[in-house]
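Asks: Take a look and give me a structure for this.
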Amino acid sequence: MSGTTRKTNGNNSQRTRQSFGSPGPNSSAHASAAQQNLRQKVGMVSLGCPKNLIDSEVMMGMLARQGFDITSDQTAADVLVVNTCGFIDSARQESVNTILEMAQLKQLGKLKRLIVAGCLVERYRDDLQREIPEIDACIGVNQLADIGEVVEQRRVLPVYSSTASAPELYLYDETTPRLRSTAPYTAYVKIAEGCDHTCAFCIIPQLRGKFRSRSPESIIREVEVLAAQGVKEFVLVSQDTTTYGSDLALKDGLANLLDRLASISGVEWLRFMYCYPTAITDELLRVMAERENVCNYFDIPLQHVSRSVLARMRRGGGRDSYERLIERIRRRVPQVGIRTTFIVGFPGETEDDFEELMDFARTVQFDRLGVFTYSDEENSAGFQLDGKIDQPMMKRRERLLMQQQARLSKRKNRELVGNRFKVLLEGKSKQTDLLLEGRMQTQAPEIDGSVLINDVADGLSVQPGDFVDVEITEAHDYDLIGRAVSG
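Replies: Below you'll find the predicted structure:
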């Protein structure tokens with residue numbers, strides 16, 4: 001954190017600003033609590049992944065329950081909370097830029113307190129408060145339950161580690177208030193927290209602590225309540241979703257959880273994200289194939305396929321085992337969509353290693369593929385390795401792999417033209433008001449392409465949250481275009 005640049009440029013920021021307005025499905029504001037505080041208006045800026053978004057929703061839900069006014073207008077807030085991501089360098093810089101931008105609001109006189117939460121706090125709490133004096137308080141990922149006391153200045157939180165003893169590690173449950181910021185028909189559900197893997201490029205275990213699962217009963221009760229309130233699509237997330245239940249001595253924990261959740265009335269789509277490749281069992285594939293409302297979609301961050309690179313990354317597997325895994329998934333689950341992510345430029349990655357990765361991607365032909373350039377994180381095992389790759393080389397490899405994937409993706413999309421698919425309608429397109437936009441089972445929220453609808457059959461009335469049958473008429477690199485033919 002040393003040498004924070006006190007400059008912001010909104011055009012360079014890719015942060016996701018979620019809107020927190022009124023108490024959501026998991027939350028109820030208590031009138032008695034409302035009478036006990038000064039009705040301060042609290043705003044939230046949530047950065048990073050869906051797992052972090054849930055933490056933001058939990059904090060806002062707790063504050064709403066305690067009687068605070070929650071506002072989506074940052075300029076109207078008395079108190080602002082910035083929930084940060086500190087995973088890689090680009091996320092850290094985005095978080096710092098956002099904090100500095102929000103700090104400027106204090107100069108206008110309305111904003112009285114600026115609170116910083118999340119992963120960046122776990123890494124740089126002292127540095128943040130020293131280098132950005134506008135910050136009034138910091139709250140770590142295991143201190144969410146204290147947010148009300150921090151906002152009211154009744155408590156200064158001690159510094160303690162995510163890897164401390166179990167009683168200090170936080171994990172929300174079905175009784176925890178949440179003020180959801182997603183569309184009314186979609187909800188993220190965190191089924192576990194933390195991670196026990198020791199990947200050389202990752203510091204999540206240091207930030208989030210050891211892997212710990214919620215009980216199946218807690219998750220089921222939360223989904224039942226949300227489904228009764230109109231949520232149709234549920235996205236299960238954690239740091240390592242396929243390992244769910246292993247710490248509770250549950251056999252095939254994720255498969256059995258999905259099977260039970262799929263029976264809940266109102267659950268139209270169930271998907272899960274962040275799968276570790278070695279934990280995909282035959283039972284999981286069976287449930288996915290047999291349960292119509294479990295989306296035929298896998299998100300498996302493989303990271304690389306070269307055995308030498310994977311060994312330095314402290315990950316098992318290799319090209320042969322990964323090809324067998326993908327073949328097994330496609331054989332067992334009809335019309336499955338598979339997404340992966342790769343890291344290029346890991347220390348010691350040679351041109352031969354990269355060419356093997358390129359050839360693997362050409363051979364397997366993933367439906368979705370993302371690429372990250374290696375971020376050299378202090379306190380990670382990778383930080384100590386030799387053979388560092390320079391930025392121009394990493395960017396070149398990223399560009400080549402993404403260019404290849406764009407061609408493969410367009411080819412696969414063209415194969416869908418003329419077919420009909422069930423699509424969850426999300427409303428007007430972000431690109432133009434002239435198009436509607438939705439997603440198929442094989443397209444996850446925010447990270448994958450969309451189905452753009454340029455025609456609706458006569459007499460068909462549709463609105464956001466509806467499921468419609470769409471005939472695909474045109475294919476692009478990542479998006480599809482089609483006509484809504486029935487509801």
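Asks: use CA for all of it now, contacts and neighbours both
Replies: Fine.
Asks: Report how many residues lie close to G109.
Replies: By other C-alpha atoms under 10 Å, 9 other residues sit near G109.
Asks: nope, A103 is what I was after
Replies: 20.
Asks: And D479, by the same measure?
Replies: Neighbour tally, D479, other C-alpha under 10 Å: 17.
Asks: ditto for D127
Replies: 14.
Asks: Pull out the buried positions in the helix or strand harbouring it.
Replies: In the assignment (DSSP states H and E), D127 maps to helix 119-131. By 16 or more other C-alpha atoms under 10 Å, the buried positions in helix 119-131 come out as C119, L120, V121, E122, R123, R125, L128, Q129.
Asks: In JSON lines: those, plus distance to L80.
Replies: Formatted as JSON lines, the buried residues of helix 119-131 follow (distance: C-alpha to C-alpha, whole Å):
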{"residue": "C119", "distance to L80": "17"}
{"residue": "L120", "distance to L80": "16"}
{"residue": "V121", "distance to L80": "15"}
{"residue": "E122", "distance to L80": "19"}
{"residue": "R123", "distance to L80": "20"}
{"residue": "R125", "distance to L80": "17"}
{"residue": "L128", "distance to L80": "16"}
{"residue": "Q129", "distance to L80": "15"}
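Asks: okay, among the residues you listed, which ones form the most distant pair?
Replies: C119 and Q129 (14.6 Å; C-alpha to C-alpha).
Asks: beta partners for F421?
Replies: Here F421 sits in beta bridges with V470, as judged by DSSP bridges.
Asks: so it touches M440, yeah?
Replies: Yes. Applying C-alpha atoms under 8 Å, one finds F421 in contact with M440, separated by 6.8 Å.
Asks: give me every residue that touches the closest residue to A279 other than its chain neighbours.
Replies: The shortest distance from A279 to any non-neighbouring residue, by C-alpha to C-alpha, 6 or more residues apart in numbering, is to T242 (5.7 Å). Shown in contact with T242 (C-alpha atoms under 8 Å, 6 or more residues apart in numbering): L254, Y274, C275, Y276, A279, I280.
Asks: Mind doing that once more with 7 Å?
Replies: L254, C275, Y276, A279, I280 (C-alpha atoms under 7 Å, 6 or more residues apart in numbering).
Asks: And I88, by the same measure?
Replies: S375, E377.
Asks: if I look at S238, how far off is V267?
Replies: With distances taken as C-alpha to C-alpha, to the nearest Å, S238 is found 20 Å from V267.
Asks: ok, the two, which is more surrounded?
Replies: Higher neighbour count among S238 and V267: S238, with 24 against 21, using other C-alpha under 10 Å.
Asks: what is the nearest residue to the more buried one once chain neighbours are set aside paired to in the beta sheet?
Replies: In this structure, S238 finds its nearest non-sequential neighbour in A192, 5.2 Å apart by C-alpha to C-alpha, 6+ apart. Beta-bridge pairing of A192 under DSSP bridges involves S213.
Asks: Next one: A192 from P216, what distance?
Replies: Distance of A192 to P216, given as C-alpha to C-alpha: 11 Å.
Asks: Which of those two has more residues huddled nearby?
Replies: Set A192 next to P216 and count neighbours by other C-alpha under 10 Å: A192 wins out with 24 against 20.
Asks: Could you tell me which residues make contact with that one?
Replies: A192 is in contact with R212, S213, R214, S238, Y244, counting by C-alpha under 7 Å, 6+ apart.
Asks: Please confirm that Q239 is located within a helix.
Replies: No. With DSSP: H, G, I helix; E, B strand; the rest coil as the criterion, Q239 is coil rather than part of a helix.
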